[in-house]
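> Sequence and predicted structure, then a few things I'm wondering about:
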Amino acid sequence: MRETVDNLYGLCGKFFLFLIPTLLLLAGCSSRVSHKAESREYYLSLENKLKDIKHEESLKELLEHYRSVNDRFALMLCYKQLGKIQRENARFSDAIASHQEGLTLAYSLTDTIEIVQALNNLGTNFRRIGALAEAADYHYRALEHAEAYSGKLSPEGKKNRVVSMNGIGNVSLTLGYYDDAEKFFRLSLSDEIALKSPIGQAINLANLGAIFEEREQYDSAEVYYRRSMEQNRIGDSEMGMGLCNIHLGHLYKKQKLYATALEHYTKAYEQMDRISDRWHWLEACIAMAEIHLLTHNDEGFNRYIIRAEQTATEISSPEHLVTIYRLQHDFDFRLQHFDKALKHYKASEALEDSVRGVQKANRYIDLRLNFERDKNTRSLQRIELRTVPTRCADRLPFIWFSLPLPLRLSSCCCCGMPIDNAFAATGYYGKWNGRGRTSSRESRTNSVHRSPLYEVSTSN
């Protein structure tokens with residue numbers, strides 16, 4: 001018996017020789033996790049500071065600094081902000097290049113949050129230049145990462161998911177898939193309400209209004225636009241309020257209330273003229289040109305349409321050029337300048353085909369179907385993974401009793417269990433005390449020093 005106990009202590013000694021390095025390793029991991037959390041706080045602070053920088057040269061100087069010290073995370077954040085500024089200045093090729101650099105760094109750092117944001121930024125860039133298939137591809141990839149993210153229920157995780165769905169909704173709206181667009185916008189809106197984000201709510205309310213406008217449900221559209229206006233006021237977004245004035249102007253224009261429409265368009269133009277985003281400024285400029293065309297104010301039409309065409313050409317926005325050429329066609333046709341009208345009509349049709357072509361629509365459908373298929377596959381995989389712990393728990397007693405006796409005893413002792421309880425947990429108690437039943441004292445000891453392993457063994 002003494003020999004058996006000595007063997008057990010020998011096994012325990014070997015076990016602890018293995019256990020101590022393991023604990024040291026875990027302690028090191030804990031330290032690294034703490035350091036990582038501190039780093040995350042630092043980079044969040046850095047990101048907030050970068051958002052206040054509006055000049056490219058300043059950001060490029062910071063890029064050189066962080067490149068010299070090999071701070072990849074700071075580099076990634078700089079590229080993200082640089083791309084946003086370039087997009088606001090309608091330099092979409094540069095914005096795409098910057099956000100692609102940021103995406104590469106995000107992948108190398110395996111930072112899911114930044115991967116999703118970079119993909120969505122790229123999707124927005126491609127959407128602005130009318131490359132809808134590419135835009136949909138990036139937004140769907142962003143949504144896949146957002147759905148797979150372990151912290152998707154956190155505020156940051158939810159926000160990334162919302163932005164992805166909103167991007168897909170915008171592509172759907174442009175291509176005329178209004179039911180799909182409505183589904184994504186409503187999902188986004190519900191999450192933005194949960195996040196208590198007025199700007200996020202305003203964006204999705206305006207998008208839902210646009211869907212009702214396309215369906216010619218003008219009363220419903222106006223309700224959503226006014227709700228969007230209110231949220232933009234709460235969020236103090238001048239650009240958002242300007243866009244809402246454009247939307248409301250469109251509704252009044254369609255109802256031939258031109259004076260009221262002009263009031264909203266004029267407000268919008270003044271608001272958009274104060275911001276640096278030329279892509280959104282074009283919306284107001286084109287609206288002013290159109291209302292002057294409808295009221296036969298030729299001088300006003302020419303003034304705004306020339307500005308709009310020049311800017312749309314500079315920033316390479318085919319979506320805006322389609323509308324500009326269509327308005328020029330209508331103007332020339334009214335003046336019976338049929339040659340010029342035909343030229344503008346052909347230009348408008350050619351660009352519209354490039355923006356909303358059949359190939360791009362089919363590509364969008366393929367992306368949507370692939371996403372739904374992959375989503376179903378991931379759901380099945382999650383269900384399968386959830387059943388694994390249950391199956392393992394069912395097999396645990398059989399695995400436990402299939403282990404050699406010394407190994408079971410050493411495991412129990414390492415858990416701090418007294419030696420007599422250890423033998424009880426292994427199912428060999430009768431052999432240990434020389435009889436087939438326990439004494440009353442031993443029974444009391446078992447009830448006090450019960451371990452999970454004991455409960456597993458006695459339940460079978």
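Yep, it's here.
> Show me the shaky parts of this protein.
Scanning the chain for pLDDT under 70 picks out 1-40, 354-460.
> how about a cut-off of 90?
Judged by pLDDT under 90, the chain has its weakly predicted residues at 1-58, 88-93, 128-134, 150-153, 174-175, 273-279, 314-319, 349-460.
> Now do the buried residues in the helix or strand harbouring I286.
Per DSSP states H and E: I286 is located in helix 278-294. Neighbour-count burial for helix 278-294 flags 278-294 (criterion: 16 or more other CB atoms under 10 Å). From N, CA and C alone the C-beta is placed, and that goes for glycine too.
> who's in contact with stretch 223-237?
197-199, 201-203, 205-206, 208-209, 212, 240-241, 244-245, 247-248, 251 (CB atoms under 8 Å, 6 or more residues apart in numbering).
> one more time with 6 Å
Under the criterion CB atoms under 6 Å, 6 or more residues apart in numbering, residues 198-199, 201-202, 205-206, 208-209, 240-241, 244, 247-248 lie in contact with stretch 223-237.
> burial of the closest residue to P198 other than its chain neighbours, as a residue count?
The shortest distance from P198 to any non-neighbouring residue, by CB to CB, 6 or more residues apart in numbering, is to G235 (3.7 Å). Applying other CB atoms under 10 Å, we find 16 residues neighbouring G235.
> likewise the one 10 residues further on?
If you count neighbours by other CB under 10 Å, N245 ends up with 25.
> Then the one 4 residues further on?
Counted by other CB under 10 Å, the residues lying close to G249 total 27.
> Who are the contact partners of it?
Contact analysis of G249 by CB under 6 Å, 6+ apart lists 261, 264-265, 287.
> Then H329?
Contact analysis of H329 by CB under 6 Å, 6+ apart lists 341, 344-345.
> now with 8 Å?
Listed by CB under 8 Å, 6+ apart, the contact partners of H329 are 341-342, 344-345, 348.
> So how do I select the buried members of these in PyMOL?
In PyMOL, the members of the contacts of H329 classed as buried (16+ other CB under 10 Å) are selected with the following command:
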select buried, resi 341+344+345+348
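> and the contacts of H329 as TSV, adding secondary structure and distance to V163?
Shown next, in TSV, are the contacts of H329 (DSSP: H, G, I helix; E, B strand; the rest coil; distance: CB to CB, whole Å):
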residue	secondary structure	distance to V163
A341	helix	41
L342	helix	42
H344	helix	36
Y345	helix	37
S348	helix	32
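> With distance to E147 added, can I get the contacts of H329 in TSV?
Listed next are the contacts of H329 as TSV, based on distance: CB to CB, whole Å:
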residue	distance to E147
A341	49
L342	49
H344	45
Y345	44
S348	39
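> Pick the one among the contacts of H329 closest to E41.
Nearest to E41 among the contacts of H329 is S348, at 52.0 Å by CB to CB.
> which residues touch that closest one?
321-322, 325-326, 329.
> Which members of those residues occur in helices, if any?
Within these, residues falling in helices by DSSP state H are 321-322, 325-326, 329.
> Next secondary structure after the helix holding I286?
Assignment by DSSP H and E places the next element after helix 278-294 at helix 298-314.
> Need the contact partners of that next one.
So helix 298-314 is contacted by 90, 278, 281-282, 285-286, 288-289, 292-293, 320-321, 324, 327-328, 331 (CB under 8 Å, 6+ apart).
> how long is stretch 77-97 end to end?
14 Å (CA to CA, to the nearest Å).
> Could you pull out the buried residues of it?
Buried, per 16+ other CB under 10 Å, within stretch 77-97: 77-92, 94-97.
> sorry, back to before: can you tell me which of the contacts of S348 is nearest A181?
V322 (19.0 Å).
> In this structure that closest one contacts L351, no?
Yes. The pair formed by V322 and L351 meets the contact definition of CB atoms under 8 Å, at 4.7 Å.
> C78 touches L62, doesn't it?
Yes. Contact criterion CB under 8 Å: C78 and L62 qualify, at 5.3 Å.
> tell me, what's touching these two both at once?
Joint contacts of C78 and L62 (CB under 8 Å, 6+ apart) are L50.
> what helices or strands is the helix holding I286 leaning on?
helix 238-254, helix 258-272, helix 298-314, helix 318-334 (3 or more CB pairs under 8 Å, 6 or more residues apart in numbering; DSSP states H and E).
> So which of these is the most surrounded?
Most buried of these by mean neighbour count (mean count of other CB atoms under 10 Å) is helix 238-254; its value is a mean of 22.
> relative orientation of that helix and helix 278-294 in degrees?
Helix 238-254 and helix 278-294 meet at an angle of 20 degrees, taking axes from the mean of the first three to the mean of the last three CA atoms, to 10 degrees as the criterion.
> now helix 238-254 and helix 258-272, what's the angle there?
Using the same axes, to 10 degrees: helix 238-254 against helix 258-272 is 160 degrees.
> just the CA coordinates of helix 238-254, formatted as CSV?
This file holds the C-alpha atoms of helix 238-254, laid out as CSV (Å, rounded to 0.1, in the frame of the first residue of the first chain):
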residue,chain,number,x,y,z
GLU,A,238,-25.8,69.9,-42.3
MET,A,239,-25.2,67.5,-45.2
GLY,A,240,-28.0,65.3,-44.0
MET,A,241,-30.5,68.2,-43.7
GLY,A,242,-29.4,69.3,-47.2
LEU,A,243,-30.1,65.9,-48.7
CYS,A,244,-33.6,65.8,-47.0
ASN,A,245,-34.4,69.2,-48.5
ILE,A,246,-33.5,67.8,-51.9
HIS,A,247,-35.7,64.7,-51.3
LEU,A,248,-38.6,66.9,-50.2
GLY,A,249,-38.1,69.2,-53.2
HIS,A,250,-38.3,66.1,-55.5
LEU,A,251,-41.6,65.2,-54.0
TYR,A,252,-43.1,68.7,-54.5
LYS,A,253,-41.7,68.8,-58.0
LYS,A,254,-43.4,65.5,-59.0
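> residues touching E182, list them.
E182 touches 169, 208, 211, counting by CB under 8 Å, 6+ apart.
> any idea how far it lies from N204?
10 Å (CB to CB, to the nearest Å).
> residues touching I246, list them.
264-265, 268, 283-284, 287.
> got the contact list for the residue nearest to it when sequence neighbours are not counted?
Distances taken as CB to CB, 6+ apart put A268 closest to I246, at 4.6 Å, once the chain neighbours are dropped. Going by CB under 8 Å, 6+ apart, A268 touches 242-243, 245-246, 249, 283-284, 287.
> redo that, cut-off 7 Å
Neighbouring residues of A268 by CB atoms under 7 Å, 6 or more residues apart in numbering: 242, 245-246, 249, 284, 287.
> Show me the domain layout of this protein.
55-122, 161-271, 278-370, 419-460 (automatic domain parsing).
> Reformat these as CSV; add distance to S150.
Output for the domains of the chain, formatted as CSV (distance: least, CB to CB, whole Å):
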stretch, distance to S150
domain 55-122, 8
domain 161-271, 13
domain 278-370, 23
domain 419-460, 27
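> So which of the ones you listed is nearest L44?
domain 55-122 (9.5 Å).
> Could you tell me the end-to-end distance of that closest one?
20 Å.
> How about stretch 262-280?
Note: stretch 262-280 ends 18 Å apart using CA to CA.
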